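Engineer: no sequence for this one, just the structure:
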């Protein structure tokens, strides 16, 4: 398929809410394949549609290369909806392909239940915990127009400001394609 440049912090599409998918068409399947290609090219584990300029409510996840997830099957979540979150929360460092080199500790529920449709338009409901849960929540945030800086305390966000400014100005060196100004 195709490797699409990744939108980075400051790109307007990352702040827009995703649009529901009404039908899984050949065009949607093509976009999903492009999402996997673009994510893998950038060595990511998850990618939301808006990160490569698509407006649909879709994200992809592939944890196969992560320790403890060698038997993980790549997943596509279309029109996802988190329907339950545990009270237990875990603070863990996160990164993002749209925030190259930036790392920050984000507090998230340990366990979630999510409902989505797959590429066969079958409704699926699963529980996820640990790292898988975190990746789902991170990608789900993208579909809502939210990013890591929205999930950290104001004091932490202030410390991240110089890095965020460098990303917005594209004063960063990375080994995958990003959108131009």
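Structural biologist: Yep, that arrived. Given the structure is predicted, the values throughout are model-derived calculations rather than measurements. Numbering: from 1, shown residues only.

Engineer: residue 48: what's it in contact with?
Structural biologist: Residues in contact with residue 48, defined by Cβ atoms under 8 Å, 6 or more residues apart in numbering, are 18, 58, 59, 139, 142, 143. C-beta coordinates here come from the backbone N, C-alpha and C atoms, glycine included.

Engineer: what's the burial count for the residue lying closest to it once chain neighbours are set aside?
Structural biologist: Leaving aside its chain neighbours, residue 48 sits nearest to residue 142 (3.4 Å; criterion: Cβ to Cβ, 6 or more residues apart in numbering). By the criterion of other Cβ atoms under 10 Å, residue 142 has 23 neighbours.

Engineer: who's in contact with residue 142?
Structural biologist: With contacts defined as Cβ under 8 Å, 6+ apart, residue 142 is in contact with 14, 18, 48, 50, 51, 59, 98.

Engineer: how far off centre is the strand or helix carrying residue 34?
Structural biologist: Using DSSP states H and E, residue 34 maps to helix 26-41. In terms of Cα atoms, centre = their mean, to the nearest Å, the centre of helix 26-41 is found 14 Å from the chain centre.

Engineer: show me what the first helix or strand past that helix going along the chain pairs with in its sheet, parallel or antiparallel.
Structural biologist: Proceeding N to C from helix 26-41, the next assigned helix or strand is strand 46-48, under DSSP H and E. Here strand 46-48 has these sheet partners by DSSP bridges: strand 58-61 (antiparallel).

Engineer: list of residues touching the partner strand?
Structural biologist: The contact list for strand 58-61 (Cβ under 8 Å, 6+ apart) reads 18, 21, 28, 31-32, 35-36, 39, 45-49, 74-80, 132, 135-136, 139-140, 142-143.

Engineer: right, and the helix or strand after that strand?
Structural biologist: Counting by DSSP H and E, the element after strand 58-61 in chain order, helix or strand, is strand 75-85.

Engineer: what ranges do the helices span in this protein?
Structural biologist: Here the chain has its helices, by DSSP state H, at 26-41, 130-143, 148-151, 154-168.

Engineer: ok and the longest one relative to strand 75-85, angle-wise?
Structural biologist: Okay, so that is helix 26-41. If you take axes from the mean of the first three to the mean of the last three Cα atoms, to 10 degrees, helix 26-41 sits at 90 degrees to strand 75-85.

Engineer: name the helices or strands packed onto helix 26-41?
Structural biologist: Under the contact criterion of 3 or more Cβ pairs under 8 Å, 6 or more residues apart in numbering; DSSP states H and E, helix 26-41 touches strand 46-48, strand 58-61.

Engineer: now render the ones you listed as TSV, adding distance to residue 117 and mean pLDDT.
Structural biologist: TSV is the format used below for the helices and strands packed on helix 26-41 (distance: least, Cβ to Cβ, whole Å; pLDDT from 0 to 100):
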stretch	distance to residue 117	mean pLDDT
strand 46-48	16	98
strand 58-61	10	98
